[in-house]
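Engineer: Generate coordinates for the sequence data below:
(one chain, ligands or ions: 1)
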Amino acid sequence: AVAYLDGTFLPLAEARVSVLDRGFIFGDGVYEVVPVYRRRPFRMAQHLARLARSLGAIRIRNPHDEAGWQALVERLIAAHPYDDQIVYLQVTRGVAKRDHAFPAGDLAPTVFGMSSPFTRPDAAQRDGGLATVSMPDERWLHCEIKSVSLLGNVLARQYAADRGVPEVVMFRDGFLSEGSSSNVWLVKDGVLRAPVKNNLILEGIRYGFIESLAAARGIRFEMRPIARAEVDAADELMLSSATKEILPIVSLDGRPVGAGRPGPVYASLRQGYDEAIG
Ligand code: PDD
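Structural biologist: Model (predicted):
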């Protein structure tokens, strides 16, 4: 596998950063995960726009303009034999003497990219759906930043793993937030609902995409705060992310969601998703 590190393409196994990198010491950085289908990045402009927003939010200068990022990603894709890939991009504040405050002066950010084969969700997940467990959302209050400080998300995912399921559904103060690394959607009486985009969730690139799929397919969509009771009474639940695409959630805490199998709104959105990636 080939990686990009600070201006150089090199074998991933040879890529090295300093132990004083603020990403290592403080988790002081941001990242993106971009799916690639048939060697073409999917919704790249949106991913790069979110990367720019994340960098801006933590005041790291964007090391590349859009064309620069695109060229970098294209080279990573070209260096790998797989048609479907997952490109990972990460920017940290850089290497400096350990001090919580930003170092004075213009620190060169550490810029890293890699690509891996994309194992798309299999038929069992797509047609059988996922079991999930609920838990309180104990993360910080800037979940809109795609930060590499992922301890809260890591512990949430392990909570799921310890219970033998692939993902959690998190609630903050009784309202639905998201999964450990996915957004969560609900269907009630044919209406698709998702939590409001604010500082309590990461606005997935699939947020806008699924919203547009719903519009194209005549599915009514609402964004609003979603109470726990509505989740428990949902006809369908699903989740979305770059790597999981869109998948049905068929149980929560051992109780079936709706009929306990993937529903018609999922089926319609799934079809739209597959058509869009061609
Ligand atoms: N995670 N919410 C969280 C907390 C996430 O980490 C992710 C994605 C999403 C979905 O965003 P998108 O549709 O842009 O993938 C929502 C990536 C895949 C990851 O951390 O690997």
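Engineer: what's the pLDDT at Gly254?
Structural biologist: The model reports Gly254 with a pLDDT of 98.
Engineer: what's the pLDDT at Gly278?
Structural biologist: In this model, Gly278 carries a pLDDT of 84.
Engineer: which non-adjacent residue is nearest the residue in the stretch 101-250 of the chain positioned nearest to the ligand?
Structural biologist: Nearest residue of the stretch 101-250 of the chain to the ligand: Gly204, at 2.8 Å (Cβ to the nearest ligand atom). For every residue, glycine as well, the C-beta is placed using N, CA and C. Once its chain neighbours are removed from consideration, Gly204 has its nearest residue in Asn183; the separation is 4.3 Å (Cβ to Cβ, 6 or more residues apart in numbering).
Engineer: Tell me who's in contact with the residue lying closest to Leu107 once chain neighbours are set aside.
Structural biologist: On the basis of Cβ to Cβ, 6+ apart, the spatially nearest residue to Leu107 that is not a chain neighbour turns out to be Gly94, at 4.1 Å. Applying Cβ atoms under 8 Å, 6 or more residues apart in numbering, we find Gly94 in contact with 21-22, 103, 107-110.
Engineer: try Asn199
Structural biologist: The contact partners of Asn199, by Cβ under 8 Å, 6+ apart, come to 141-144.
Engineer: Can I get those in TSV including pLDDT and neighbour count?
Structural biologist: Output for these, formatted as TSV (pLDDT from 0 to 100; neighbours: other Cβ atoms under 10 Å):
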residue	pLDDT	neighbour count
Leu141	98	9
His142	98	13
Cys143	98	21
Glu144	98	17
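Engineer: Next, format those as TSV and append secondary structure.
Structural biologist: Listed next are these as TSV, based on DSSP: H, G, I helix; E, B strand; the rest coil:
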residue	secondary structure
Leu141	coil
His142	coil
Cys143	coil
Glu144	coil
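Engineer: With distance to the ligand added, can I get those residues in JSON lines?
Structural biologist: Output for these, formatted as JSON lines (distance: Cβ to the nearest ligand atom, whole Å):
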{"residue": "Leu141", "distance to the ligand": "14"}
{"residue": "His142", "distance to the ligand": "12"}
{"residue": "Cys143", "distance to the ligand": "7"}
{"residue": "Glu144", "distance to the ligand": "10"}
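Engineer: So which of the residues you listed is the closest to Thr132?
Structural biologist: When the contacts of Asn199 are compared for distance to Thr132 (Cβ to Cβ), Cys143 wins out at 18.3 Å.
Engineer: quick check, Gly56 in a helix?
Structural biologist: Yes. Checked against three-state DSSP, Gly56 lies within a helix.
Engineer: tell me the contacts of Val168?
Structural biologist: Taking Cβ under 8 Å, 6+ apart as the contact definition, Val168 lies against 132-135, 156-157, 159-160, 179-180.
Engineer: Including pLDDT and distance to Met223, could those residues go into TSV?
Structural biologist: What follows is those, written out as TSV (pLDDT from 0 to 100; distance: Cβ to Cβ, whole Å):
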residue	pLDDT	distance to Met223
Thr132	99	21
Val133	99	25
Ser134	99	21
Met135	98	23
Ala156	98	23
Arg157	98	25
Tyr159	98	27
Ala160	98	25
Gly179	98	17
Ser180	98	21
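Engineer: Report how many residues lie close to the residue lying closest to Pro63 once chain neighbours are set aside.
Structural biologist: Using Cβ to Cβ, 6+ apart and skipping the chain neighbours, the partner closest in space to Pro63 is Val111 (4.9 Å). When neighbours are defined as other Cβ atoms under 10 Å, Val111 has 20 of them.
Engineer: again, but for Ala78
Structural biologist: Based on other Cβ under 10 Å, the number of other residues close to Ala78 is 10.
Engineer: what does Ala108 give?
Structural biologist: Counted with other Cβ under 10 Å, the burial measure for Ala108 works out to 12 neighbours.
Engineer: Contacts only, for it.
Structural biologist: Ala108 sits next to 6, 94 when contact means Cβ under 8 Å, 6+ apart.
Engineer: element containing it?
Structural biologist: For Ala108, there is no helix or strand it lies in under DSSP states H and E.
Engineer: Distance check, it against Val91.
Structural biologist: Taking Cβ to Cβ, to the nearest Å as the measure, Ala108 and Val91 are separated by 11 Å.
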